[in-house]
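> this is a predicted model, with the sequence first.
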Amino acid sequence: MTANPVAASAGTVGGAAPPLRVWQRKALVEYLRKSPQDFLAVATPGAGKTTFALRIAAELLADRTVSQVTVVAPTEHLKTQWAQAAARVGIQLDPTYTSQGITSSDFHGIVVTYAQVGLYPDLHRRRCTTRPTLVILDEIHHAGDSRTWGDGVRTAFEPATRRLALTGTPFRSDANPIPFVEYEKDRNGLTRSRSDSSYGYADALRDQVVRPVLFLAYSGEAKWRTSAGEELSARLGEPLTAEQTGQAWRTALDPKGDWMPQVLRAADARLSVVRQHGMPDAGGLVIATDHAAAKAYAEILRRVTGKAPVVVLSDDGTASAKIAAFANSEDRWMVAVRMVSEGVDIPRLAIGVYATSASTPLYFAQAIGRFVRARRPGETATVFLPSVPVLLGLAGEMEVQRDHVLDRPHREKLLDDDLVAAANKQEDEDTDDKPKFMALSSEAHLDQVIYDGASFGTGAAPGTAEEEEYLGLPGLLTGDQIATLLSKRQADQVAAQKKAAAERKAAGGPDVPEPEVVPSSTFVRRQTLRKQLNTLVAAQHHRTNRPHGQIHAELRRLCGGPPSAQATIEQLEERIATIQTWER
């Protein structure tokens, strides 16, 4: 290993390189030991993939294995971010490189997007052929987004001396192999991608490299009119068809209803608590589905906070500048549509509102990755989201590592994506005999708090003391402290409900209070079983010190089925019976 990189062809490589984390050191040793042409590093967002890649670039430039570097990034904004990060360690990269094929000798290399490579693959092939080149493929799964990008990457960089592929988000299941990624058969006969270094969210959380994430899931009543003119209402999160779930979800996200204002008000209250207790510069991000929704949410936040938030839209030429300015400011809120995605580094983001209909594991992981970058021990992140099965499942599986699966017969579906997309699209047939879908009303209700794969809480209406208990959790907590506090809050809520019921009974009232909303009996039964299961898991945690998520995963392995948020009554009952046998 080279201790002090020396002069390379474009000038001196060397700067104030940050100390490497344990996973980065191990991966670097593995890389230098093998000296491979291709190397795939999978690391959770916030773990430091950029630092790792630039250290390898410095080593290879210093020993003259390569004489230039090409970084391929997903977006224009990330081109500048990569160039700035490289400059801090003495590697000069040109983020303005174009199809003209000319760059100054002041630079050690260039930064381009996958789209640029797809348009001009032969240009980049010539560059790799002319001089020994290290190619860094940031978020390599983008090379599988289209045949143009994938074929372009393969054509362009086949002659490269070294190729370093990075990803921090789950791969998809599809039939398109990603260039320069190796695949192998697993024990089930499926062809999966193989990484050379892997560092997941659970590992990073254990090492305090990333923040623990609290998910506050909000349900509530939604009422809408379908394109057929039928008026429907349902409680968000209760068992519904995929089409009804999509329609209820869309209704909740409609800015004209009460659900979004209530959730945004709660999120801003949480932001104030975090700022007052440990993170004075903490910022919040609302992720919207489209431009119209983003502008409407911004207006709601202006009314809630008294100050207009930063709004970042995909067609805004100043988007990158706005993101950079927000990152360096102490502004409270930003509202964005897909612009603040993978790789964008705003470490002070601590509060998120997932106000989009996007539901793939890939997009969800990209979005949550914006909030997990830790700056010091004890920082936490809080993400508010709709209480729908697909999101609850993803929130409960934050620690799961996913590979790229080529030959799965049918990709995993937590929800019927086609039906959800149909429920969320704007219909063009706006005629007298076929009106558009219309969201009529909605209201929010805190359903549960998800942490470490476990669900806590018995629900709370907006503005109540019960909701405030969760919004007021301290801003600086360790993982164990979070689990302990949530367990205590849940136990206090259950005790208070039992006491109230006993007092009503003593006064001659009904044994059980009338619920604020009368859901289906299936919904009530599932909620009761989930709470019973979580109580047992918490007890097992205190006995064994095993993480909640690990206990839930063991129950799923033994009993089968999806995460508890999506499990059937029968599956929940089986898990409860199983964990009860562990206590004997």
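Noted; the coordinates are in hand.
> low pLDDT regions in the stretch 351-500 of the chain?
For the stretch 351-500 of the chain, the stretches with pLDDT under 70 are 398-435, 458, 475-476, 478-480, 493-494, 497, 500.
> again, 80 this time
Within the stretch 351-500 of the chain, the stretches with pLDDT under 80 are 360-362, 377, 396-436, 452-459, 474-500.
> now the strands: where do they sit in it?
Here the stretch 351-500 of the chain has its strands, by DSSP state E, counting those that start in this stretch, at 381-386, 438-442, 445-451, 454-456.
> want to throw these into CSV with mean neighbour count and distance to Gly549?
In short, each C-beta sits where N, CA and C put it, glycine included. Formatted as CSV, the strands of the stretch 351-500 of the chain follow (neighbours: other C-beta atoms under 10 Å; distance: least, C-beta to C-beta, whole Å):
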stretch, mean neighbour count, distance to Gly549
strand 381-386, 26, 16
strand 438-442, 18, 31
strand 445-451, 25, 9
strand 454-456, 26, 7
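> Arg489 versus the closest residue in space to Gly549 that isn't next to it in sequence, what's the distance?
Sequence neighbours aside, Gly453 is the residue nearest to Gly549 in space, at 3.0 Å (criterion: C-beta to C-beta, 6 or more residues apart in numbering). Per C-beta to C-beta, to the nearest Å, Gly453 is found 18 Å from Arg489.
> so which strand or helix has Val273?
Applying DSSP states H and E as the criterion places Val273 in helix 259-276.
> who are the packing partners of the helix or strand just after that helix?
The helix or strand immediately downstream of helix 259-276 is strand 283-288, counting by DSSP H and E. Contacts defined by 3 or more C-beta pairs under 8 Å, 6 or more residues apart in numbering; DSSP states H and E place strand 283-288 against helix 259-276, helix 291-305, strand 333-336, strand 349-355.
> helices of the stretch 301-450 of the chain, start to end?
Taking DSSP state H, counting those that start in this stretch as the test, the helices found in the stretch 301-450 of the chain are 319-327, 361-368, 389-396, 417-424.
> which of those sits closest to Ala143?
Of all those, helix 361-368 sits nearest to Ala143, with 13.7 Å by C-beta to C-beta.
> give the buried residues for that closest one.
Neighbour-count burial for helix 361-368, counted by 16 or more other C-beta atoms under 10 Å, picks out Pro361, Tyr363, Phe364, Ala365, Gln366, Ala367, Ile368.
> can the residues you listed go into JSON lines with extra columns for distance to Leu166?
Shown next, in JSON lines, are those (distance: C-beta to C-beta, whole Å):
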{"residue": "Pro361", "distance to Leu166": "18"}
{"residue": "Tyr363", "distance to Leu166": "18"}
{"residue": "Phe364", "distance to Leu166": "19"}
{"residue": "Ala365", "distance to Leu166": "14"}
{"residue": "Gln366", "distance to Leu166": "14"}
{"residue": "Ala367", "distance to Leu166": "18"}
{"residue": "Ile368", "distance to Leu166": "18"}
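> still on that earlier bit, need the strands of the stretch 351-500 of the chain in TSV with distance to Glu231, can you?
Output for those, formatted as TSV (distance: least, C-beta to C-beta, whole Å):
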stretch	distance to Glu231
strand 381-386	21
strand 438-442	7
strand 445-451	21
strand 454-456	32
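> do you know which of these lies nearest Leu28?
Nearest to Leu28 among the strands of the stretch 351-500 of the chain is strand 381-386 (28.1 Å), distances taken as C-beta to C-beta.
> pretty sure the residue nearest to Gly549 contacts Leu555?
No. Assessed by C-beta atoms under 8 Å, Gly453 is found out of contact with Leu555, at 10.2 Å.
> can you tell me which of the buried residues of helix 361-368 is nearest Val335?
Distance to Val335 across the buried residues of helix 361-368 (C-beta to C-beta) is lowest for Ala367, with 13.4 Å.
> what about the nearest residue to the closest one once chain neighbours are set aside, neighbour count?
Distances taken as C-beta to C-beta, 6+ apart place Ile287 nearest to Ala367, at 5.5 Å, with adjacent residues excluded. Neighbourhood size, Ile287 [other C-beta atoms under 10 Å]: 27.
> surely Ile287 and Leu349 touch.
No. The criterion here is C-beta under 8 Å, and Ile287 misses it with Leu349 at 10.9 Å.
> Phe157 touches Leu123, doesn't it?
No. Assessed by C-beta under 8 Å, Phe157 is found out of contact with Leu123, at 11.8 Å.
> looking at the two, which one has more neighbours?
More neighbours surround Phe157 than the other of Phe157 and Leu123, with 24 against 17 (other C-beta under 10 Å).
> which residues are contacting stretch 22-39?
1, 20, 41, 43, 47-48, 51-52, 55-56, 59, 65, 160-165, 180-182, 196-197, 199, 203-204, 207, 209 (C-beta atoms under 8 Å, 6 or more residues apart in numbering).
> avg pLDDT for it?
Average pLDDT, stretch 22-39: 94.
> go on, stretch 71-91?
Here stretch 71-91 scores 90 as its mean pLDDT.
> number of nearby residues for the nearest residue to Tyr451 once chain neighbours are set aside?
The shortest distance from Tyr451 to any non-neighbouring residue, by C-beta to C-beta, 6+ apart, is to Leu214 (5.3 Å). By other C-beta under 10 Å, the residues close to Leu214 number 22.
> again with Glu570
Glu570, neighbours per other C-beta under 10 Å, totals 11.
> Arg162 too?
Close neighbours of Arg162, defined as other C-beta under 10 Å, add up to 22.
> for the protein, longest helix please?
helix 479-506 (DSSP state H).
> so which strand or helix has Thr65?
Using DSSP H and E, Thr65 sits in no helix or strand.
> contacting residues around it?
Ser35, Glu59, Pro132, Leu134, Thr161, Arg162 are the contacts of Thr65 under C-beta under 8 Å, 6+ apart.
> likewise for Pro261?
Neighbours of Pro261 in contact, by C-beta under 8 Å, 6+ apart: Pro255, Ile300, Val304.
> need the residues you listed in CSV with neighbour count, can you?
Shown next, in CSV, are those (neighbours: other C-beta atoms under 10 Å):
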residue, neighbour count
Pro255, 20
Ile300, 20
Val304, 18
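> counting by contacts, list what the longest strand along the chain packs against.
Ranked by residue count, the top strand of the chain under DSSP state E comes out as strand 213-225. Identification of packing neighbours for strand 213-225 by 3+ C-beta pairs under 8 Å, 6+ apart yields strand 231-236, helix 242-253, helix 259-276, strand 381-386, helix 389-396, strand 438-442, strand 445-451.
> so can I have CSV of the ones you listed showing distance to Gln100?
As requested, the helices and strands packed on strand 213-225 are exported to CSV (distance: least, C-beta to C-beta, whole Å):
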stretch, distance to Gln100
strand 231-236, 52
helix 242-253, 44
helix 259-276, 46
strand 381-386, 42
helix 389-396, 43
strand 438-442, 49
strand 445-451, 50
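> can you check which of these gets nearest to Glu574?
Checking those against Glu574 by C-beta to C-beta gives helix 389-396 as the closest, at 17.5 Å.
> which residues touch that closest one?
With contacts defined as C-beta under 8 Å, 6+ apart, helix 389-396 is touched by 215, 217, 237, 245, 354, 359, 361, 364-365, 383, 385, 414-415, 450, 453-455, 549, 552, 562-566.
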